[in-house]
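Chemist: with the sequence up front, the predicted model follows.
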Amino acid sequence: MAFDEAVAGRVRKALAGAPNVVEKKMFGGVAFMVRGNMCCGVIGDRLMLRVGPKGYETALSRPHARPMDFTGRPMKGMVYVEPAGFASPRDLEAWIEKAMAFALSLPAK
């Protein structure tokens, strides 16, 4: 599955200036790693976010979010957000901040 380059560009812009961010092709899309841990990414036109177990239910309660079920089974701590859920720059930044906070809580790899 290809990823939407325009969405990836928006994520790159939102992550600009953040230290230790590396971009990797993954899951048929693109993932952004922070200190070696997956933070967020783009699959198709959806945002993929690693919010962690504690942030999972809160993230799912937000509009346009659903469990990440890439393998056919939901991955606890990972969510997809449909484009309507991050249409504004403010919404995109809020989602990325949640994923960044979780990634930074993990030990560096």
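Modeler: Arrived safely, thanks for sending.

Chemist: in this protein, which helix is the longest?
Modeler: Identified as the longest helix of the chain according to DSSP state H is helix 89-105.

Chemist: show me what it is packed up against.
Modeler: Identification of packing neighbours for helix 89-105 by 3 or more CB pairs under 8 Å, 6 or more residues apart in numbering; DSSP states H and E yields helix 5-15, strand 29-34, strand 37-43, strand 46-50, helix 52-60. Backbone N, C-alpha and C define where each C-beta goes, glycine included.

Chemist: want to throw those into a markdown table with mean pLDDT, mean neighbour count and distance to Leu106?
Modeler: Formatted as a markdown table, the helices and strands packed on helix 89-105 follow (pLDDT from 0 to 100; neighbours: other CB atoms under 10 Å; distance: least, CB to CB, whole Å):
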| stretch | mean pLDDT | mean neighbour count | distance to Leu106 |
| --- | --- | --- | --- |
| helix 5-15 | 97 | 16 | 17 |
| strand 29-34 | 96 | 22 | 9 |
| strand 37-43 | 96 | 24 | 5 |
| strand 46-50 | 97 | 26 | 9 |
| helix 52-60 | 96 | 14 | 8 |
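
Chemist: which one of the ones you listed lies closest to Phe70?
Modeler: Nearest of the helices and strands packed on helix 89-105 to Phe70, taken as CB to CB: strand 37-43 at 7.3 Å.

Chemist: put together JSON lines for the helices and strands packed on helix 89-105, with distance to Met75 on each row.
Modeler: Listed next are these as JSON lines, based on distance: least, CB to CB, whole Å:
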{"stretch": "helix 5-15", "distance to Met75": "19"}
{"stretch": "strand 29-34", "distance to Met75": "13"}
{"stretch": "strand 37-43", "distance to Met75": "11"}
{"stretch": "strand 46-50", "distance to Met75": "9"}
{"stretch": "helix 52-60", "distance to Met75": "10"}
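
Chemist: what's the closest of those to Glu93?
Modeler: Of these, nearest to Glu93 by CB to CB is helix 5-15, at 5.4 Å.

Chemist: of the helices and strands packed on helix 89-105, which approaches Trp95 most closely?
Modeler: Trp95 lies closest to strand 46-50 among the helices and strands packed on helix 89-105, at 5.7 Å (CB to CB).
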